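1. Predicted model and sequence below, questions to follow.
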Amino acid sequence: MTLQRWFRERGGTANPDGRPVVLFPDTFTNHFHTEVGVACVEAIEAAGHQVIIPDGHVCCGRPLYDYGFLDAAERYLRRVLDTLRDHIRAGTPVVGMEPSCLAVFKDELSKLLPHDDDAQRLARQVFHFAEYFDTHDIEPPPLRRKALLWGHCHQKATGGMDAEHRLLSRMGVDVEEARGGCCGLAGSWGFEDGKYDISMACGEQALLPAVR
């Protein structure tokens, strides 16, 4: 059950008259962790906003950059622009659940398609998930507990973690950010043959000890 299928079978958004926002169904959330996407839909809807999830295969093309397939990545991005064009031109915010995808839209997109006005528009109206709540001053539900926060490298490079800190603090979470080093994954790099030991050594610099 993909996120797109779940959303379609439930009949779309619960708030058809609310402020529209596009939730981008990244491949990982859509196919592997649907429950995360469902929670994101419900959180946005709890704020009274109308969630829109595009149908069909849309992908930012992030994995293609790592191996130099820039022409294929450009085709993926043009498909995203074609799919979201009406929403982009209407100024509808686009919210991402996966920081890697948002980094593509915020950074690589305008460099690959520097003369495409819709590419420039999309780059200006995309938000990381917490960034959307923070920017639009949405009141989050209370959560009285401690939490360890680890910043995704692509999010640190395209907006930082301040929005997460502010949102969690407003919820009442006692948050501590784990800093230093790298998680060791780097997309699929840490899963590839011969790189396990290096990947684990990166994780042991800060993240894994903090979690333990």
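-> Sure, I can see it.

2. is it true that residue 168 touches residue 149?
-> Yes: if you go by CB atoms under 8 Å, residue 168 and residue 149 touch, sitting 7.1 Å apart. The way it works is simple: take the backbone N, C-alpha and C, and place the C-beta from them, glycine included.

3. Now do the shared contacts for these two.
-> Shared contacts of residue 168 and residue 149, defined by CB atoms under 8 Å, 6 or more residues apart in numbering, comprise residue 175.

4. Between these two, tell me which one has more neighbours.
-> Using other CB atoms under 10 Å as the criterion, residue 168 and residue 149 rank with residue 168 on top: 19 against 15.

5. Show me what whatever helix or strand the more buried one lives in is packed up against.
-> Assigned by DSSP states H and E, residue 168 falls within helix 162-171. Applying 3 or more CB pairs under 8 Å, 6 or more residues apart in numbering; DSSP states H and E, one finds that helix 162-171 makes contact with helix 129-135, strand 146-150, strand 174-178.

6. May I see these organised as TSV, with mean pLDDT added?
-> Formatted as TSV, those follow (pLDDT from 0 to 100):
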stretch	mean pLDDT
helix 129-135	95
strand 146-150	93
strand 174-178	91
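
7. Give me the contact list for the helix holding residue 168.
-> The contact list for helix 162-171, computed with CB under 8 Å, 6+ apart, reads 128, 130-131, 133-135, 139-143, 147, 149, 151, 175, 177.

8. how about 7 Å then?
-> Under the contact criterion CB atoms under 7 Å, 6 or more residues apart in numbering, helix 162-171 has outside partners 128, 130, 131, 133, 134, 140, 141, 142, 143, 147, 149, 175.

9. Okay, angle between that helix and strand 174-178 too, please.
-> Between the axes of helix 162-171 and strand 174-178, defined by axes from the mean of the first three to the mean of the last three CA atoms, to 10 degrees, the angle is 160 degrees.

10. now helix 162-171, how far from the centre of its chain.
-> 17 Å (CA atoms, centre = their mean, to the nearest Å).

11. Over to stretch 138-152?
-> Relative to its parent chain, stretch 138-152 has a centroid offset of 17 Å by CA atoms, centre = their mean.

12. From one end of that stretch to the other, what's the distance?
-> Criterion CA to CA, to the nearest Å; first-to-last residue distance in stretch 138-152 is 23 Å.

13. which residues are contacting it?
-> The contact list for stretch 138-152, computed with CB under 7 Å, 6+ apart, reads 47, 99, 133, 161, 164, 167-168, 170-178, 207, 210-211.

14. if we can go back for a sec, mind picking the two most distant members of the contacts of helix 162-171?
-> Spatial extent of the contacts of helix 162-171 (CB to CB) is set by the pair 128 and 142 at 21.9 Å.
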